[in-house]
Each structure stands twice: as C-alpha cells, then as structure tokens.
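Asker: Any chance you could fold what I've pasted below:
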Amino acid sequence: MNDEAKRKQLRKYKAFATGLFVLMAVIFITTTILQKSNPSHWIGYVRAFAEAAMVGALADWFAVTALFRHPLGLPIPHTNLIENSKQRLGDNLGSFVVGNFLSPQNIRPYIQKLKVSNFVGEWLGKEKSQEILIKNLSDIVLDILNKLDDSTVSQFISKKVSEMTDDIKLNKVVGTGIGYILEKNDHQRIITNLAKQIKDYILANDEMIKNRVKKGSYSFIPSFVDNKIADKIADGLSDFFKEIEEDPQHGVRDLITQKIYEFSVDLKEDPKWEDEFKIIKNGLLKGDKLEEYSNDIWISIKKTLMKELLEDHSALKNYLTKNLNEFAQNLKTDENLQNKIDHWVRVTAYKYILKNTHQFGNLISNTVGNWQGKELSEKLELEVGKDLQFIRVNGTLVGGLVGLIIYTIAHFFL
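Answerer: As a prediction, this is how the structure comes out:
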C-alpha cells in the first residue's frame, strides 16, 4: 500500500471515530432536551451513556492527537510528542533494533544458512553474466588507463628498475643461467648445430682450403700434391665435425661442456666479471636510456591492453571467459571449494555485522533524528494512525459504558 492509499484509509477511520463522537453529542443534546419534558427513566440512562462517551472520545482524541501534533494548534505542554522527542525516539529505536535483532544469538542461525557458492556459480556460468562482468571490468581498467599520466608511470617504472638492478649482480645471473642450460643439457643442441654449420662451411669452401694450402706450401711441391693435401684436410675436418654432430657421446662434447661449466663458475666467483658486468649495466641503464626504455615499455603495454579491452573477442577477453567458465563449473561441482567459500563468507559476514552493530544503531538514530519533525509525525501517523483511531472508538464506547455503570450505581444505591 502506497502513501496515498494509506492517507485515504486514515481519513476514513478518522471520519468514523469523529462521526461516532458527533453521534454521541447529538444523543446527549437530544436526551437533555427530552428529559426536561419527559420523566421517563430510560432517558437518563441514555443521556449518561452519551455524556460519558463524549468525555471518553474527547480524552482519547486528545491523547492520540498529542502524539503527532498540538491539539487544536495550542502549544499545550507534553503534546506533539513525536516531533519534540524525535532524537530520543531514534536513539531508543536504534538501541532496540541492535539489542533485539542484531545480537549474536539472533543473527547466527541466518548466517549459518548463507550459501553463496552455488548462486555465484550459476550466475557466472551464464553467458550474459560473463559479458556483463567482463565489460564492466574492461570499462574500469580502460578508465584507469586513460586517467594515468604516461610520464609518471614511465618514471615509476624506471625508478623501480633502477632500484632492482642496483642489487642485481648480472655476472651471477648470467653464470647461473648458463649453469641451468648445462643442467638441462640444452647446450648439446647448440654444439650439434655449430658442428653442422662448421662441417657445411668446410665442404662449401674447399677452394679456400686449397688456396690456403698452396699459399703455405713450398714452390717446388706440385699443385696436384697441394690439392690432394687440401682435399685430405677438408675431408678430415668435415668428417671430424660430422662425428661431433652425430655422436651425442663424443669426447669433444664433454670437453666443451667442461669448459662452459668452468666459465659459468668463473662468471659467478671471479670479481673481475662483476666489475665488467657492472660497467655494461651502467652503460645500458643510464638515466636517459632507462627512462626511454621505460617509456617504450609502458606505451607498448598500454597500447596492447587498450586494444585487447576494446575488441569484443580479443585474446585477453577469450582467456577471461575461459577461466570464468572453469571457475563457475568448479563452484557448482567442487564441494571442497564450495565449503571454503561459504565458510569464508559466513565468518566474514558474522564478524563484520557484530563489529558494526553500533553503526546500524547510529544509522537508525541519525536517520530518525535528521527527519523533519513534521515529516516524522506524518510518516508514523500513516503507519499506525488507523489503529489509533480504534482507540478513539474504543474510548467512546468504553467511556459510555463506564458512565452508564456509574449512573446506574448512583441511581439505585446512593
């Protein structure tokens, strides 16, 4: 029922209670006039009933009206109670709600019934919900990206990179990286490829070898001998590197591995390498260069992010959709995950409500206290005015009965 309907209902019951008072007044006047010319006893009883009913009706009208306003507009003490006591009413109402509705024993049964995991899983599993969530997240991130100052972000990145690299010893990083490659045996592919490249280079440049042999040979040695020697050298070298390429257990591989390992240890432990890499790092990460690198990195990241967030079916959005589907499915089927989430929600809600019960009380108190007095009176009268009109009706009838009883006792016993 809206406020307008409540006003109509209140006017209806007010008219009924007032009409009953007017009826008693008419009866009282009529019986008073009749009593002067008619000695019938029943007239006195009716007159006594009507007289007492009027008193009861007026008394209850005054009491009901005094709650919401000054009766007849007269500033009689202890009237217009709600408007004059609205702050105390708000405080008491807030304390009542907190004490009787937000106590631990009252809220615990409701908190224990909370089960949000299935609801969230069902909601997230819907395509429309995923689109709404991803769109809202995209809009938020885009808004943040557009508001960020590029130069400030670049300076922040360069500062953090500078702070991080100050403590990083690149020689140890490189040495450890080489050691990791050796541990995974990935360097063998490099050796295989290098041996193949050298073998192919020798076979493709046999003329160069012949020229080298002739250049280092004596003039009295015939050319065909030099060519024969060059062919033998080329074939020997190509066969040697072919063996390295095809034999994973070749001794040269072990020798190369050992030398690389020794170099990695030397990188990590020899102070000279620390100084060398520090010089290289300082050359690469000078202030102006570092700011330039940072700006390029940030602009690239920002451009990529904005492109991914603006496109409807970008790789990033597809990835988010895939993960949302997986998470929604887990929420619906994984009991362990459901229990963890529901338990966390219950504990968090319980603690938060208990921790902030006084805030609920303050909210009620401040809300009622900030209402205009007349507005508060009107609101309350709309809610309870109908029932209060029955108090007036009851006061009229009960007053009449009491008056009748008193008149009867006085007539027969006094």
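
Asker: Skipping adjacent residues, who's closest to the residue nearest the centre of the chain in space?
Answerer: Note on the chain: the residue nearest the mean C-alpha position is Leu137, at 11.2 Å, using Cα atoms, centre = their mean. Counting by Cβ to Cβ, 6 or more residues apart in numbering, Leu320 is the residue found nearest to Leu137 once chain neighbours are left out, at 7.8 Å. For glycine as for every other residue, the C-beta is placed from the backbone atoms N, C-alpha and C.

Asker: The one helix or strand the one you found maps to: which residues count as buried?
Answerer: If you go by DSSP states H and E, Leu320 is part of helix 315-333. Under the neighbour-count criterion of 16 or more other Cβ atoms under 10 Å, helix 315-333 has Lys317, Leu320, Thr321, Leu324, Phe327, Ala328, Leu331, Lys332 buried.

Asker: For the fourth one, which residues are in contact?
Answerer: When contacts are counted by Cβ atoms under 8 Å, 6 or more residues apart in numbering, Leu324 is found next to Leu124, Gln130, Leu133, Ile134.

Asker: Please apply the same query to the last one.
Answerer: Contact analysis of Lys332 by Cβ under 8 Å, 6+ apart lists Asn118, Gly121, Glu122, Gly125.

Asker: Strands along the chain, start to end?
Answerer: In the chain, no segments count as strands under DSSP state E.

Asker: tell me, how many neighbours does Val345 end up with?
Answerer: By the criterion of other Cβ atoms under 10 Å, Val345 has 16 neighbours.

Asker: And it, how close does it get to Pro104?
Answerer: 17 Å (Cβ to Cβ, to the nearest Å).

Asker: for Val141, same thing?
Answerer: 40 Å.

Asker: Spatially nearest residue to Arg392, not counting backbone neighbours?
Answerer: Ala17 (3.9 Å).

Asker: What is the least confident helix or strand in the chain?
Answerer: helix 81-84 (a mean of 67; mean pLDDT, DSSP states H and E).

Asker: In contact with Gln329, which residues?
Answerer: Gly121, Gly125.

Asker: can you list contacts of stretch 129-141?
Answerer: Trp123, Leu124, Leu305, Leu309, Leu310, Lys317, Leu320, Thr321, Leu324, Asn325.

Asker: circling back: the contacts of Lys332, buried ones only, as a ChimeraX selection?
Answerer: Selection of buried members from the contacts of Lys332 for ChimeraX, criterion 16+ other Cβ under 10 Å:
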select :121,125
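
Asker: Now Lys184. Its backbone dihedrals?
Answerer: In terms of degrees, to the nearest 10, the main-chain angles of Lys184 are phi -80, psi 0.

Asker: and if you look at Val116?
Answerer: Per degrees, to the nearest 10, the backbone of Val116 is at phi -90, psi -20.

Asker: Could you give me the buried positions within stretch 337-350?
Answerer: Gln338, Ile341, Asp342, Val345, Arg346, Tyr350.
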